[in-house]
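1. Fold the following for me, if possible:
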Amino acid sequence: MGLLAIIIALVCVNAATSFKIPAQPKVYEISIRPWLYELSLKYNKPKMMLRDVPSTEYQKLKDLNMDVIWFMGIWQLGDYGLNHDRTNADLLANFNRILPDFRTEDIIGSPYAITNYTCNPKLVLMLIF
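-> From the prediction side, this is the model:
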């Protein structure tokens, strides 16, 4: 888990990198909130955080032999974008057309509505390595 743990830790504390990434790295991107949701169902643990992910799951990522694991959606999001997604009539009509049984809490906002390049505490919370 070494490199993966280092990358997550560095991202979350905004530290400088001290390891070399190849000029053309192999990058594996994970949309973090859906991934954590899937793991919460798999392990029957509501509100799974990065700190709760079993080491076996990180080992699976390590076994992919990627140079970098990119957690899309790890950055701090703001309330404005989420409120927009939950109140815009056109978006809600589209959501209802595609997923008729969706609920407001299913709308988690865009991972691109970043307000601060620090780790989202709702995903990380006391990440310890």
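
2. where do the strands sit along the chain?
-> 27-31, 68-72, 75-77, 114-119 (DSSP state E).

3. deepest of those strands, which one?
-> With neighbours defined as mean count of other C-beta atoms under 10 Å, the strands of the chain peak in mean count at strand 75-77, which reaches a mean of 19. For glycine as for every other residue, the C-beta is placed from the backbone atoms N, C-alpha and C.

4. Need the outlier residue of the protein, farthest from its centre.
-> Taking C-alpha atoms, centre = their mean as the measure, the residue most remote from the mean C-alpha position of the chain is Ala89, 26.7 Å away.

5. who's in contact with the residue most central in space within the chain?
-> Centroid-nearest residue in the chain: Ile32, 2.3 Å away (criterion: C-alpha atoms, centre = their mean). Counting by C-beta atoms under 8 Å, 6 or more residues apart in numbering, Ile32 makes contact with Leu50, Phe71, Met72, Gly73, Ile74, Pro111, Leu123.

6. which of those count as buried?
-> Leu50, Phe71, Gly73, Ile74, Pro111, Leu123 (16 or more other C-beta atoms under 10 Å).
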